[in-house]
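Colleague: Quick one: sequence plus predicted model below, questions after.
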Amino acid sequence: MEHYVGLDVSLKLTSICVVDRAGKVEREGVVASAPEAIATFIKLHAPHVVRIGLETGATPTWLWTELDKMGLPIVCIDARHAKAVLKMQINKSDRNDAAGIARIMQCGWYKEVCVKDLDSHATKALLVSRALLVKVKRDIENQIRGLLKNLGLVIGRAKMNMFAVRAAQLAEDRSELFAAVDPLLKAREAIEQQIVDLDRKVLRLARNNAQVRRFMTAPGIGPVTALCFLATIDDPARFKRSRSVGAYAGLTTRRYASGEIDWTGRISKCGDKMLRGYLYEAANVLLTRVAKWSALKAWGIRLAKRSGLRKAKVAVARKLAVILHRMWIDGTEFKWSSKDAAGQPV
């Protein structure tokens with residue numbers, strides 16, 4: 001007898017449903033959201049299990065890894081696809097969701113999601129922490145600018161440590177204003193130091209990873225973008241074609257076709273927002289700051305003249321994603337073109 005299991009995972013408890021090959025419920029239960037408890041229930045009530053399904057999410061990543069180590073046939077499915085099936089049920093409950101996921105496993109109508117390695121998650125956590133601190137620092141600076149601007153005091157363009165010096169100089173003659181600005185400046189200084197510490201860790205990771213160093217040979221790609229690409233993609237072999245990476249990063253256009261209607265919209269913005277943002281920044285650097293010409297830059301400049309710089313940046317970001325994946329698969333560095341081959345405008 002074949003068994004199919006569905007798991008509906010929450011922070012503390014997991015609802016489990018076991019169905020047979022005909023979709024009939026054999027056993028239901030609720031256990032703690034711990035790999036050992038889930039594995040014990042499955043081995044006891046589903047000894048002939050073929051597939052075990054759970055949806056994507058924060059907790060399922062760890063559960064999938066631990067259950068896979070135990071040799072169980074665990075499958076992680078796209079939560080958006082599962083929702084399309086589960087919403088057909090009249091009553092929404094954890095028990096019904098577990099039964100629905102079990103039947104999805106039984107009929108085989110699902111899209112399996114590749115679960116990333118825990119090391120990739122750790123690297124991504126470091127990058128997320130850094131990105132958050134950078135955002136908080138920028139928000140504090142904007143708040144300080146706003147407080148001073150209300151009284152006609154303008155900081156203007158200020159790089160590096162000059163921002164704090166300039167803000168303190170403008171506010172020091174007004175005690176009430178200085179009392180409001182000084183705590184923000186101290187918080188900004190502390191956050192800036194944490195960002196510097198994280199940057200050191202990022203550089204250390206990049207320096208010790210040969211693949212990241214190869215990524216950084218591409219124009220516009222720095223250690224942060226290279227590490228983000230490595231941690232987000234995790235396994236390059238899961239993409240049959242390199243150009244699929246552009247769609248995975250949400251950098252390809254949406255299409256809607258039905259009957260006589262057929263239109264192409266803006267980019268999908270699916271996938272990892274951080275990776276998409278870093279690739280866009282890399283494209284901006286490539287088109288506006290990198291002096292050395294390449295076939296990629298020449299193509300982007302021609303596209304910018306025809307369609308505008310913003311669209312060209314998106315297109316170059318997509319190409320960068322494809323090129324980085326190809327470099328990963330081939331184990332090569334970025335191939336610079338000659339001046340003539342690059343098609344450099346005169």
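Modeller: Cool, got the structure. Computed from a predicted model, the values in this text were never measured in an experiment.

Colleague: When you work out contacts or count neighbours from here on, use the C-alpha atoms and nothing else.
Modeller: OK.

Colleague: So, low pLDDT: which residues of this protein?
Modeller: 338-346 (pLDDT under 70).

Colleague: Tell me which residue is most central in it.
Modeller: residue 272 (2.8 Å; C-alpha atoms, centre = their mean).

Colleague: What are the boundaries of the helices in the protein?
Modeller: For the chain, the helices defined by DSSP state H occupy 35-45, 58-69, 79-86, 94-107, 118-149, 162-171, 175-207, 210-215, 223-233, 244-248, 273-288, 295-307, 309-330, 339-342.

Colleague: I'd like those as CSV, with distance to residue 260 and mean neighbour count appended.
Modeller: Converted to CSV, the helices of the chain look like this (distance: least, C-alpha to C-alpha, whole Å; neighbours: other C-alpha atoms under 10 Å):
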stretch, distance to residue 260, mean neighbour count
helix 35-45, 50, 15
helix 58-69, 41, 17
helix 79-86, 26, 15
helix 94-107, 33, 24
helix 118-149, 44, 16
helix 162-171, 57, 17
helix 175-207, 51, 15
helix 210-215, 44, 20
helix 223-233, 37, 22
helix 244-248, 25, 20
helix 273-288, 33, 21
helix 295-307, 27, 17
helix 309-330, 27, 21
helix 339-342, 41, 13
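
Colleague: Minimum distance to residue 23: which of those helices has it?
Modeller: Ranking the helices of the chain by proximity to residue 23 (C-alpha to C-alpha) places helix 94-107 first, at 5.8 Å.

Colleague: quick one: contacts of stretch 62-72?
Modeller: 34, 35, 39, 52, 74, 75, 76, 115 (C-alpha atoms under 8 Å, 6 or more residues apart in numbering).

Colleague: and if we set it to 10 Å?
Modeller: 9, 33-36, 38-39, 42-43, 49-56, 60, 73-76, 115-118 (C-alpha atoms under 10 Å, 6 or more residues apart in numbering).

Colleague: right, and the helices of the chain - which one's nearest residue 265?
Modeller: Across the helices of the chain, residue 265 has its closest neighbour in helix 309-330 (12.7 Å, C-alpha to C-alpha).

Colleague: Relative to the whole chain's centre, how far out is that closest one?
Modeller: Offset of helix 309-330 from its chain centre (C-alpha atoms, centre = their mean, to the nearest Å): 16 Å.

Colleague: Take that helix, keep the C-alpha atoms, and write them as CSV.
Modeller: Backbone C-alpha positions of helix 309-330 (Å, rounded to 0.1, in the frame of the first residue of the first chain) are rendered in CSV as follows:
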residue,chain,number,x,y,z
LEU,A,309,18.5,54.4,-19.9
ARG,A,310,16.1,52.9,-17.3
LYS,A,311,15.0,50.1,-19.7
ALA,A,312,18.6,49.6,-20.7
LYS,A,313,19.6,49.1,-17.1
VAL,A,314,16.9,46.4,-16.6
ALA,A,315,18.0,44.6,-19.8
VAL,A,316,21.7,44.7,-18.8
ALA,A,317,20.8,43.5,-15.3
ARG,A,318,19.0,40.5,-16.9
LYS,A,319,22.0,39.9,-19.2
LEU,A,320,24.4,40.0,-16.2
ALA,A,321,22.3,37.3,-14.4
VAL,A,322,22.6,35.1,-17.5
ILE,A,323,26.3,35.7,-17.9
LEU,A,324,27.1,35.1,-14.2
HIS,A,325,25.2,31.8,-14.4
ARG,A,326,27.1,30.8,-17.5
MET,A,327,30.4,31.7,-15.9
TRP,A,328,29.4,29.5,-12.9
ILE,A,329,28.6,26.5,-15.1
ASP,A,330,31.7,26.8,-17.2
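
Colleague: name the helices or strands packed onto it?
Modeller: Contacts defined by 3 or more C-alpha pairs under 10 Å, 6 or more residues apart in numbering; DSSP states H and E place helix 309-330 against helix 210-215, helix 223-233, helix 244-248, helix 273-288, helix 295-307.

Colleague: and the angle from that helix to helix 223-233?
Modeller: Angle, helix 309-330 to helix 223-233, by axes from the mean of the first three to the mean of the last three C-alpha atoms, to 10 degrees: 70 degrees.

Colleague: follow-up on the earlier one: of the helices and strands packed on helix 309-330, which is nearest residue 101?
Modeller: Closest approach to residue 101 among these is made by helix 244-248 (24.6 Å; C-alpha to C-alpha).

Colleague: Correct me if wrong: residue 2 contacts residue 47.
Modeller: Yes - using C-alpha atoms under 10 Å, residue 2 is in contact with residue 47, at 8.6 Å.

Colleague: sorry, back to before: compare the helices and strands packed on helix 309-330 and report which one is nearest to residue 163.
Modeller: Each of these has some distance to residue 163 by C-alpha to C-alpha; the shortest is helix 273-288, at 23.4 Å.

Colleague: Fine, thanks again, bye for now.
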